[in-house]
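In: Pasted the sequence and its predicted model underneath.
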Amino acid sequence: MAETAKDTIYDVAIIGGGPAGYTAAIRAGQYGLKTALIEKDDKLGGTCLHWGCIPTKSLLFDAEVYDHFKHAKEYGIDVSGEVKVNWPTVLQRKNDIITKHVKGLNFLMKKNKVTTITGYGKLTGPAIEGVLTVEVENGGKHQSVKTKNILLATGSDAKMLPGLTPDDRILTNIEMLAIPEIPKSMIVIGAGAVGVEFGSIFNSFGSEITIVEYLPRLVPVEDEEISKELNRIFRKRGIDINVGAKFEKVDKTDTGVTVTYTTSDGKQVVKEAEKVLIAVGRGPRTEGIGLDKTKIKTERGFIPVDQWQQTVEPGVYAIGDIVAGLPQLAHVGAMAGMVAVAKIAGKYSRPIRRNRIPGCTYTEPQIGSVGLTEAAAKEAGHDVKVGKFPFTANSKASIVGSHDGFIKVVADKKYGEILGVHIIGPQATELIAESVVALEMEATVEDLMFTIHAHPTLSEGMLDAFGSVEGMAINA
Ligand SMILES: Cc1cc2nc3c(=O)[nH]c(=O)nc-3n(C[C@H](O)[C@H](O)[C@H](O)COP(=O)(O)OP(=O)(O)OC[C@H]3O[C@@H](n4cnc5c(N)ncnc54)[C@H](O)[C@@H]3O)c2cc1C
């Protein structure tokens, strides 16, 4: 535990060293603010680096490589002998990537003169003469950290279904990422990003996957047509999908679990599997951090903030997964941290705009989206024009052997303002970046129709998708 000299007063103290907290710390250091980063665990990185974004994408990459090997013959590559997954190596590679990036974070803290303090941080009450105090506890030792501003960045935990506790068969993302063997079968409860990503990855690795989702479609936050396409492709891959289905209970058997659920047409099903993954959302970690000593009142556990991430308690900000009304994504938390710190430093800052946030789901095929869905645009009163371009008509998609999916553009009829872009298909999570910039710059469909895209690329599909809004895609 780094000790802070009694008379040190930081400009900013950040509680929580996940992507929201560590990004804010680095940026604060870059502005020359005296900064402390308080993290309860012995490693920086939070859910994202240890149990979320990074490890899942490492597994996803391995799953993709394995999928390519399955199709090697089609590509003209003869692989002699059986292609097998070496699961311990897959896990080791994932762990090595995490270790490398933990080291990188430690380096960045030093580089930006951020003091890192290991311990559990708690608010102690309002500022006294402009100075706030964080009480930090580590192994029974206490220290008080004095600061002019506090950023709360304590993150979230996987929600559990009532009566269930995670173990070797009932899994959350944490157990899932350390599973000793590839399960023969797995039932996934919840079809948000986490559920469908794990379903997709383990389907590639050969597990028999069943998805049970209460809402009427997969990835319910996405445009309806995206959900439909994912459903079609997942079924083609042999995934058993049950949407509009009500989870009833999990029972343990000698070898695994049975999950009881009622399908959308009222049939009760008892399905057996080796494992069940509970992926029903994430709850904010806002208990036990001293909010009761402040004016802050949570909304279903989440902290309300203004456009600069400021809470109602003077000098206290909140960023990341604990914030009310923003999606729980690493890049949103990181940007919230940068917005808050810029405001504290008195530098140029710009609030996060809800409709400019890319959402990415790393399934096979991937999903990338930004802005309004077609339904939301209509609901908001826009006279909507839609263009859609299928990857079957893109030459690079043929080259990489990935024809499923499409790019959908939602635009306003009057001036051609781009309202939303929704992609399902190869590299969708990379392709979406262009549309985020387009929305940020308030570009029109015509602006994009005259923007040169290299040939042959997947991003050329974007040019065709924007053209298709005017019925003028070149390749379809
Ligand atoms: C399986 C999975 C896959 C995901 N994939 C993606 C993805 O691909 N892309 C994406 O954008 N998002 C993804 N996410 C979401 C992403 O992980 C979170 O949005 C992100 O980690 C939130 O960042 P955060 O800093 O708010 O919180 P966290 O990452 O949860 O970090 C909070 C930190 O605060 C510490 N802490 C908590 N309380 C205290 C305290 N009182 N004192 C000191 N320290 C404390 C914790 O130990 C932790 O290190 C995924 C999530 C999961 C579960």
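Out: Thanks, I have it.

In: Point me to the residue of the stretch 301-450 of the chain nearest the ligand.
Out: Nearest to the ligand in the stretch 301-450 of the chain, going by Cβ to the nearest ligand atom, is residue 320, at a distance of 2.1 Å. Yep, even glycine has a C-beta here, placed from its N, CA and C like the rest.

In: Read off the pLDDT value for that residue.
Out: What the model reports as pLDDT for residue 320 is 98.

In: I figured it was touching residue 155, is that so?
Out: Yes. If you go by Cβ atoms under 8 Å, residue 320 and residue 155 touch, sitting 5.9 Å apart.

In: So if I had to pick from the two, which one is more boxed in?
Out: residue 320 (34 against 25; other Cβ atoms under 10 Å).

In: residues contacting that one?
Out: Taking Cβ atoms under 8 Å, 6 or more residues apart in numbering, we find residue 320 in contact with 16, 18-21, 153-155, 328, 332-333, 336-337.

In: Could you write me a PyMOL select line covering just the buried ones among these?
Out: A single PyMOL command suffices to select whichever of the contacts of residue 320 are buried according to 16 or more other Cβ atoms under 10 Å:
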select buried, resi 16+18+19+20+21+153+154+155+328+332+333+336+337
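
In: Pick the one among the contacts of residue 320 closest to residue 406.
Out: residue 332 (25.8 Å; Cβ to Cβ).

In: Secondary structure element holding the closest one?
Out: According to DSSP states H and E, residue 332 maps onto helix 330-345.

In: and the stretch 51-200 of the chain, which of its residues are near the ligand?
Out: Residues of the stretch 51-200 of the chain found near the ligand (Cβ under 6 Å from any ligand atom) are 51, 52, 53, 56, 120, 121, 153, 154, 155, 156, 173, 194.

In: so which of the residues you listed is the most crowded?
Out: residue 153 (35 neighbours).

In: Would you indicate which residues of stretch 323-333 are buried?
Out: 323, 326, 328, 329, 330, 331, 332, 333.

In: Take those residues and write them to JSON lines, including distance to residue 265.
Out: JSON lines is the format used below for the buried residues of stretch 323-333 (distance: Cβ to Cβ, whole Å):
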{"residue": "323", "distance to residue 265": "39"}
{"residue": "326", "distance to residue 265": "36"}
{"residue": "328", "distance to residue 265": "32"}
{"residue": "329", "distance to residue 265": "34"}
{"residue": "330", "distance to residue 265": "38"}
{"residue": "331", "distance to residue 265": "39"}
{"residue": "332", "distance to residue 265": "37"}
{"residue": "333", "distance to residue 265": "40"}
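
In: I'd like these laid out as CSV, including distance to residue 264 and pLDDT.
Out: Putting those into CSV (distance: Cβ to Cβ, whole Å; pLDDT from 0 to 100) gives the following:
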residue, distance to residue 264, pLDDT
323, 33, 98
326, 31, 96
328, 27, 98
329, 29, 98
330, 33, 98
331, 34, 98
332, 32, 98
333, 35, 98
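
In: wait, which of those is closest to residue 357?
Out: For these, the nearest to residue 357 is residue 332 (5.8 Å; Cβ to Cβ).

In: can you pull the contacts of that closest one?
Out: 320, 326, 352, 357.

In: and the residue nearest to residue 272 when sequence neighbours are not counted, what element?
Out: Spatially, and ignoring its direct neighbours in sequence, residue 272 is nearest to residue 258 (5.0 Å; Cβ to Cβ, 6 or more residues apart in numbering). Using DSSP H and E, residue 258 sits within strand 257-262.

In: and for that strand, what are the contacting residues?
Out: 169-170, 187, 189, 210, 212, 242, 245-251, 268-276.

In: In the protein, which helix is the longest?
Out: helix 87-111 (DSSP state H).

In: ok now that helix, how far from the chain's centre?
Out: 19 Å (Cα atoms, centre = their mean, to the nearest Å).

In: what is the rounded mean pLDDT of that helix?
Out: pLDDT averaged over helix 87-111 gives 98.

In: which other helices and strands contact it?
Out: For helix 87-111, the contact count by 3 or more Cβ pairs under 8 Å, 6 or more residues apart in numbering; DSSP states H and E identifies helix 19-30, helix 46-51, helix 53-70 as packing neighbours.

In: Would you mind measuring from the residue found closest to residue 326 once you drop the neighbours it is linked to in the chain to residue 144?
Out: With Cβ to Cβ, 6+ apart as the criterion, residue 326 has its nearest non-adjacent residue at 5.4 Å, and that residue is residue 332. Between residue 332 and residue 144 the distance, using Cβ to Cβ, to the nearest Å, works out to 31 Å.

In: cool, and residue 199?
Out: In terms of Cβ to Cβ, residue 199 sits 47 Å off from residue 144.

In: Distance of residue 169 relative to the ligand?
Out: In this view, residue 169 and the ligand are 18 Å apart by Cβ to the nearest ligand atom, to the nearest Å.

In: Numbering from 25 from now on, please.
Out: New numbering, starting at 25: the last item is residue 193.

In: In terms of pLDDT, where does that residue sit?
Out: For residue 193, the model assigns a pLDDT of 97.

In: Repeat that for residue 27.
Out: 61.

In: where in the chain is pLDDT low?
Out: By pLDDT under 70, the weakly predicted segments of the chain are 25-29.

In: Go through the contacts of residue 356 and name the one nearest residue 395.
Out: Among those, and counting by Cβ to Cβ, the member closest to residue 395 is residue 381, at 8.9 Å.

In: quick revisit: what would the buried residues of stretch 347-357 look like in CSV with distance to the ligand?
Out: Converted to CSV, those look like this (distance: Cβ to the nearest ligand atom, whole Å):
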residue, distance to the ligand
347, 8
350, 10
352, 4
353, 4
354, 4
355, 5
356, 7
357, 4
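
In: thinking again about what came up before, next, the buried residues of the strand holding residue 282.
Out: 281, 282, 283, 285, 286.

In: what about stretch 37-49, how long is it end to end?
Out: Separation of the first and last residues of stretch 37-49 by Cα to Cα, to the nearest Å is 8 Å.

In: With stretch 373-385 instead?
Out: 28 Å.

In: What residues of it count as buried?
Out: In stretch 373-385, counting by 16+ other Cβ under 10 Å, buried: 373, 376, 381, 382, 383, 384, 385.

In: helix/strand/coil for the second one?
Out: In terms of secondary structure, residue 376 is coil; the call rests on DSSP: H, G, I helix; E, B strand; the rest coil.

In: swap in the first one?
Out: Applying three-state DSSP to residue 373 yields a three-state assignment of coil.

In: Can you name the residues that contact it?
Out: Here residue 373 is in contact with 332, 362, 363, 366, 367 (criterion: Cβ under 8 Å, 6+ apart).

In: show me the contacts for the nearest residue to it once chain neighbours are set aside.
Out: Spatial nearest neighbour of residue 373, chain neighbours left out: residue 366 (3.6 Å); criterion: Cβ to Cβ, 6+ apart. Contacts for residue 366 (Cβ under 8 Å, 6+ apart) come out as 51, 55, 372, 373.

In: For these, give me JSON lines that also has distance to residue 91.
Out: Conversion of those to JSON lines gives the following (distance: Cβ to Cβ, whole Å):
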{"residue": "51", "distance to residue 91": "38"}
{"residue": "55", "distance to residue 91": "45"}
{"residue": "372", "distance to residue 91": "45"}
{"residue": "373", "distance to residue 91": "43"}
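
In: Out of these, name the two that are farthest from one another.
Out: Farthest pair in the contacts of residue 366, by Cβ to Cβ: 51 and 372, 12.4 Å.
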